[in-house]
Every structure is written in C-alpha cells, then in structure tokens.
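Enquirer: Fold the following, please.
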Amino acid sequence: MTKFAVFTDEGFPAGFYIEELHGTRMRPIYGPVPEPTEDEPNPVAPIIGEEPNPDCLIPSDAIPITEQQWRAFINNNGLRKWQDGHVVPYEPPTPKPVVPDRLSRRQFRLALIDAGLLEQVEGWIATQDIRTQAAYADSSTFLRTDEMLQQGFAGLGFTEEQINQFFTAAASL
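Expert: Take a look at the predicted model:
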C-alpha cells in the first residue's frame, strides 16, 4: 500500500493519501489483444506503458512516504516534521503565557492581600479624588487597561512585567 504526504513549508503534514483509497497516480496503457491460440484461448491485452490517471485524487505535490514514516507522524501527532526527506522530532515552542485582561473584585482583592498590598492600596485610594475612590469601591471587574488602575500601579512603582505577573497570579484565585 503506497502512501503519500503533502507537507507545509515548515515540514508539517498537511495531508496523507493512499493509492488504494485515492487512486493510483499512473494507470496502464494496454496494447491490442492478441489473437486466441490453442495455448491461450482467452488472451489478455499486454501493458505497453502507463499514463497519468485523471481519476487519481492524490495531489501532484504529494511525495511517497514509507509505512514507518507515516506511523511516526500518526503516533506522534504534532511532534514530528519532514526535513530533508526524513521524519525528525519537533518540539513545539512553549506558548507565551496569556495575561488576563480583567479580574473580578474578589480576585483583585485576594491578590492584593497575598502580595501584602491591600492596606497600602486602600491607603493610596483614600488620598485620591472621589471618582477614583468610587471606581475602586464600586468596581466588580478590574480591567488591565483601565487608566485609573494603571495610575494606581504606577503609584506603587509596578513595572509592566510586575502588573502582568499580578494579573496572571490573581486570575488563578
């Protein structure tokens, strides 16, 4: 059973094909049927060549692969790629952590408590204008990009990385 594969530019499988299912790439060209003889009363037309099979569903850019190569891809989904005619191991990059864009009031306050910042933040809030105090007291959600929140983190001396760490840790609470 001949297998074929199409690969992306990066070497990852984009599709697998087998001739038994998708048709042979080439089909035989038959010559004339010989006259029956005593030795061969039902002669068969000889194959005199071959031609591309128009019914074949295997893409023209598909390349033949062995059963072993096919199994390496199937048994290690996403962890193998095609390189210079060989199946080679592939280790996907570690995904970048997703920094949440919002926290619930509960998550935000618990994270402040865990960081030992609740009293400091509430003390800073108490020195701010009435709108900032109301926004803090009445918010059910704290948006990462909120201008008042950014000012509060800046007032605490937080870097962008520290804010990201705060939001990431708080999201698990």
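Enquirer: Downstream of the helix or strand containing F153, the next helix or strand is which one?
Expert: Following DSSP states H and E, one finds F153 within helix 147-155. As assigned by DSSP H and E, the chain's next helix or strand after helix 147-155 is helix 160-171.
Enquirer: tell me what that next one is packed against?
Expert: For helix 160-171, the elements it packs on are strand 102-104, helix 105-114, helix 147-155, judged by 3 or more CB pairs under 8 Å, 6 or more residues apart in numbering; DSSP states H and E. All C-beta atoms are positioned from the backbone trio N, CA, C, and that covers glycine.
Enquirer: what's the angle from the helix holding F153 to helix 105-114?
Expert: 10 degrees (axes from the mean of the first three to the mean of the last three CA atoms, to 10 degrees).
Enquirer: Contacts for helix 147-155 next, please.
Expert: With contacts defined as CB atoms under 8 Å, 6 or more residues apart in numbering, helix 147-155 is touched by 121, 124-125, 131-132, 135-136, 142-143, 162-163, 166.
Enquirer: Farthest-apart pair in those, please.
Expert: Greatest spatial distance among the contacts of helix 147-155 (CB to CB): R131 and Q162, at 25.2 Å.
Enquirer: could the helices and strands packed on helix 160-171 be laid out in a markdown table, adding distance to E67 and mean pLDDT?
Expert: As requested, those are exported to a markdown table (distance: least, CB to CB, whole Å; pLDDT from 0 to 100):
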| stretch | distance to E67 | mean pLDDT |
| --- | --- | --- |
| strand 102-104 | 51 | 96 |
| helix 105-114 | 52 | 95 |
| helix 147-155 | 58 | 88 |
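Enquirer: Point me to the residue sitting closest to the centre of this protein.
Expert: In the chain, the C-alpha nearest the mean C-alpha coordinate belongs to G78, at 8.5 Å (CA atoms, centre = their mean).
Enquirer: Fine by me, we can end here.
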